[in-house]
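**Q** Sequence and computational prediction follow.
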Amino acid sequence: MKIGILLAGHTPDPLRETHGNFDQMFARLLNGRDFEFSSFDLLDGASPSVDQADGWLIPGSLHGVYEDHAWLPTLEQLIRDINYAKKPLIGVCFGHQIIAKALGGQVEKFQGGWAVGYTEYELDGKTVALNAWHQDQVIAAPSNARTLASNAHCEHAVLAYDDHIWTVQAHPEFDGPFIDGLLQDYGPGVVPDDLLHAAANQTQAPTDAAWLATQMADFFQKARA
């Protein structure tokens, strides 16, 4: 199964040397499941068509969905085309937000502030721990979306649209060392100190990223069938 990864941003340069770019992180996360990955760098002018992949994935980005970039309307239209074609689509963080926006939801810089590092969510009656890194979030879900996971800070942490779109606010691809790098190099002066300290104390805490990767892989395969 060919998965097209729509890059709307890149991991920071120093971290990219060690951990790779977003597409490489997801290829690693979903490795061993008979997927073939192709990357399309939207910031570099890529404008793929729906039929260039069997399924699609939109990872995170340092950009906000409400910013003014020439590639953002193109991405939103592609999302609507993928939705119309009922091709499998997964969104993560920025991907979660831009899919919601493209399909009629509302995304804002959350007044409740940041979610950083180890974070727990209630998903289908199960407590799931993942690493988060966001202040923006989906404030109002699209009318055709179902909220599958939430916590006190994030009402719409996982959304599903029919049986072919699934999105998550947190980052299953972020492991402890990557979060540690963000905390040290990009958190100070941006994220409140108390959140930085709390997150730093939990970078070694085990998460459910591997379990979620299996859910993502199963989603792609079942949605394609």
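**A** Arrived safely, thanks for sending.
**Q** Confirm for me that Leu123 is in contact with Thr147.
**A** No - assessed by CB atoms under 8 Å, Leu123 is found out of contact with Thr147, at 10.3 Å. Backbone N, C-alpha and C define where each C-beta goes, glycine included.
**Q** joint contacts of those two?
**A** Contact criterion CB atoms under 8 Å, 6 or more residues apart in numbering; residues shared by Leu123 and Thr147: Ala157, Val158.
**Q** So which residues of the chain form helices?
**A** Counting by DSSP state H, the chain has helices at residues 13-19, 22-29, 71-85, 94-102, 176-185, 193-200, 209-224.
**Q** So which of these is the most surrounded?
**A** Of the helices of the chain, the one with the most neighbours on average (mean count of other CB atoms under 10 Å) is helix 94-102, at a mean of 26.
**Q** ends of stretch 85-95, how far apart?
**A** 18 Å (CA to CA, to the nearest Å).
**Q** Leu123 and Thr147: who's more crowded?
**A** Comparing Leu123 with Thr147 by neighbour count (other CB atoms under 10 Å), the higher total belongs to Leu123, at 20 against 13.
**Q** I'd like to know how many residues surround the closest residue to the more buried one other than its chain neighbours.
**A** Excluding the flanking residues, the one nearest Leu123 by CB to CB, 6 or more residues apart in numbering is Ala149, at 3.8 Å. Here the number of neighbours of Ala149 (other CB under 10 Å) works out to 21.
**Q** rewinding a little: can you list the helices of the chain in CSV and add mean pLDDT?
**A** Listed next are the helices of the chain as CSV, based on pLDDT from 0 to 100:
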stretch, mean pLDDT
helix 13-19, 91
helix 22-29, 97
helix 71-85, 97
helix 94-102, 98
helix 176-185, 94
helix 193-200, 95
helix 209-224, 94
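**Q** Now render those helices as TSV, adding distance to Ala46.
**A** Formatted as TSV, those follow (distance: least, CB to CB, whole Å):
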stretch	distance to Ala46
helix 13-19	18
helix 22-29	12
helix 71-85	8
helix 94-102	15
helix 176-185	25
helix 193-200	33
helix 209-224	21
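**Q** which stretch among those helices comes nearest Leu43?
**A** Of all those, it is helix 71-85 that lies closest to Leu43, at 6.3 Å by CB to CB.
**Q** Point to the residue nearest the middle of this structure.
**A** Centroid-nearest residue in the chain, with CA atoms, centre = their mean: Val92, separated by 1.1 Å.
**Q** Please list all residues in contact with Leu29.
**A** Pro172, Glu173, Ala209, Ala213, Met216.
**Q** Check the gap between the closest residue to the second one other than its chain neighbours and Pro172 for me.
**A** With CB to CB, 6+ apart as the measure, Met25 is the residue that lies nearest to Glu173, at 4.2 Å, once sequence neighbours are left out. Computed with CB to CB, to the nearest Å, the distance linking Met25 and Pro172 is 9 Å.
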